[in-house]
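> Here is a sequence together with a model predicted from it:
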Amino acid sequence: MKKLLAMVSGFVLAACQSYGSVGYEADWAEPRGLSAPAESPGDARVAVASGVELPAQAQDAAVAAGVAVVRQVVLDAALRLVVVSADEARELVHAAAKLVGGHLQESGARSIVVRVPAAHFEDVLAEVERLGEVVERNVRAEDVTEELFDLDLRIDNARRTRERLLSHLEKSDSLENTLKVEAEIMRLSEEIERLEGRKRFVASRVAMSTIRVDFNTPQAAPSRDTTRLDVPFEWITRLGDGLVAGTVERTPRKPMIFAAGPHFDAPPDFVKYHSTKTLVEALEPDGVRISVARHDNFDRASIGFWQRLARRSLVEHRAIAITEEIAVDENRALLVGTREVGRRRVGYMLLLLRSEERVLVFEAWGTQERFDELRAALETSARSLRR
């Protein structure tokens, strides 16, 4: 019995040394690497991951050997970012991974998956998050200490059994027994290869963390056909409809005498082609459009309330990267952004004007080049919006 315990103890000690002690520390997880040893009888010490119990044999062997068990943690992250340029951001993520010894695993038009050394996981993640606005963040830590110990024990047991069978094979004097032993040796060899392959796979996941980043992908809409944002104001969820979905009025309509829409001064060369009591739309020959709408201001909400809600909808559900945000005055807020539609960049502007009873909404959008040319004129027109 003592001989067996000594053999298992030696195996556990060797396993711990082979795992290494690369450290990782975050405020939501215990440090990887050597954990603080826990007191145990006979002054033997063993550190075990919180909530994880090692197999009894490994636990007893570790206690007997007086070693600290190294926690093995797989770290994965999935981010959704809204950025100005998905192509540029994707290249920067790849560069950040290569800089610390990582590599590209998968790349698409609006996504990238990289693997980085676990010791640099947090640094690379922070660098990636600085590339744009994070609208979704999932970080997962999976403790695989128990699985690795179990794999090592099973591999060791299989090897020992195979060695005994090989020894027995040399002494076999029966063809039938020889064939049976050879078949069992082959089965054990295949099992050892399978277990070693699994161990290499798990160990590689521990050593190299995975980071997936999706760029400018709107949040999935809920199954129920209501609003796409969990707010009771439908017009908030429809901000950016014209830019993303091309939702505009197709039929010209002159303003009625007693049903004039919101008042604003259109830029030169723009034509107000559709006007109702609550909506006015205008366009210019090169395709830049303006939409101005009037909505109720519930409970006399502040401009800050509407501004934050509008920003959230534009970023999370329209994947519009906000490049400027200006509090014009106590009742007006201006947001400017951009988004890639197909392979084209489109500029976007939103001005909110709040009164005690109403919220006026000025939206303008068009191809980035033309939008930039008209930027000053569009902002002047937006600021001319009147209650």
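Right, received. Where do you want to start? Residues are numbered from 1 along each chain as shown.
> And the pLDDT for residue 174?
Note on residue 174: pLDDT of 83.
> That should have said residue 286, apologies.
Reported pLDDT for residue 286: 94.
> How about residue 170?
pLDDT, residue 170: 83.
> what about it, neighbour count?
7 (other C-beta atoms under 10 Å). Backbone N, C-alpha and C define where each C-beta goes, glycine included.
> what does the one 10 residues further on give?
As a burial measure, residue 180 scores 14 neighbours (other C-beta under 10 Å).
> Likewise for residue 251?
6.
> That one sits in which helix or strand?
Of the helices and strands defined by DSSP states H and E, none includes residue 251.
> now the helices for the stretch 1-150 of the chain?
Taking DSSP state H, counting those that start in this stretch as the test, the helices found in the stretch 1-150 of the chain are 2-19, 56-65, 86-99, 121-129, 145-171.
> Touching, residue 114 and residue 209? I think so.
No. Using C-beta atoms under 8 Å, residue 114 is not in contact with residue 209, being 9.3 Å away.
> how about the helices in the stretch 251-387 of the chain?
Going by DSSP H, counting those that start in this stretch, the stretch 251-387 of the chain shows helices at 303-318, 368-373, 375-383.
> List the buried residues in the longest one.
Meaning helix 303-318. Under the neighbour-count criterion of 16 or more other C-beta atoms under 10 Å, helix 303-318 has 303, 306-307, 309-311, 313-318 buried.
> again with stretch 85-93
So, applying 16+ other C-beta under 10 Å, buried residues of stretch 85-93: 85-86, 89-90, 92-93.
> how much space between the nearest residue to residue 387 once chain neighbours are set aside and residue 301?
In space, and not counting its chain neighbours, residue 387 is closest to residue 355: 4.9 Å by C-beta to C-beta, 6 or more residues apart in numbering. Distance, residue 355 to residue 301, using C-beta to C-beta, to the nearest Å: 11 Å.
> before we move on, the earlier item: would you list the helices of the stretch 251-387 of the chain in CSV and tack on distance to residue 166 and mean pLDDT?
CSV is the format used below for the helices of the stretch 251-387 of the chain (distance: least, C-beta to C-beta, whole Å; pLDDT from 0 to 100):
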stretch, distance to residue 166, mean pLDDT
helix 303-318, 63, 94
helix 368-373, 72, 96
helix 375-383, 80, 96
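> Just grab the bridge partners of residue 366 for me.
Under DSSP bridges, the beta-bridge partners of residue 366 are residue 347.
> contacting residues for it?
286-289, 346-347, 374 (C-beta atoms under 8 Å, 6 or more residues apart in numbering).
> if we go to 10 Å?
242-243, 283-284, 286-290, 346-349, 372-374, 378 (C-beta atoms under 10 Å, 6 or more residues apart in numbering).
> Would you agree residue 359 is in contact with residue 303?
Yes. Under the criterion of C-beta atoms under 10 Å, residue 359 lies in contact with residue 303, with a separation of 8.7 Å.
> can you tell me which of the buried residues of helix 303-318 lies nearest to residue 200?
residue 316 (39.8 Å; C-beta to C-beta).
> show me the biggest helix of the protein in terms of residues.
helix 175-207 (DSSP state H).
> next helix or strand past that one?
Per DSSP H and E, the first helix or strand lying C-terminal to helix 175-207 is strand 208-215.
> Which positions within the helix or strand just after that following strand qualify as buried?
Remark: after strand 208-215, the chain's next helix or strand is helix 234-237, criterion DSSP H and E. Within helix 234-237, the residues scored as buried using 16+ other C-beta under 10 Å are 235-237.
> picking that back up, list the residues that contact both of residue 114 and residue 209?
Residues touching both residue 114 and residue 209 (C-beta under 10 Å, 6+ apart): 102, 124.
> hang on, the earlier thing: please name whichever of the helices of the stretch 251-387 of the chain is nearest to residue 136.
helix 303-318 (8.2 Å).
> name the helices or strands packed onto the closest one?
For helix 303-318, the packing partners by 3 or more C-beta pairs under 10 Å, 6 or more residues apart in numbering; DSSP states H and E come out as strand 73-82, strand 133-143, helix 234-237, helix 241-245, strand 321-329, strand 332-341, strand 344-354, strand 358-367.
> Tell me the helices and strands packed up against the third one.
Counting by 3+ C-beta pairs under 10 Å, 6+ apart, the packing neighbours recorded for helix 234-237 are strand 289-296, helix 303-318, strand 358-367.
> Distance from the chain centre to the shortest one, please.
Pointing back at strand 289-296 there. Distance of strand 289-296 from its chain centroid, counting by C-alpha atoms, centre = their mean, to the nearest Å, is 34 Å.
> residue ranges with poor pLDDT in this structure?
For the chain, the stretches with pLDDT under 70 are 1-69, 218-229, 255-259.
> how does it look with 80?
Residues of the chain that meet the criterion pLDDT under 80 lie in 1-70, 172-173, 217-230, 245-250, 254-261, 342-343, 387.
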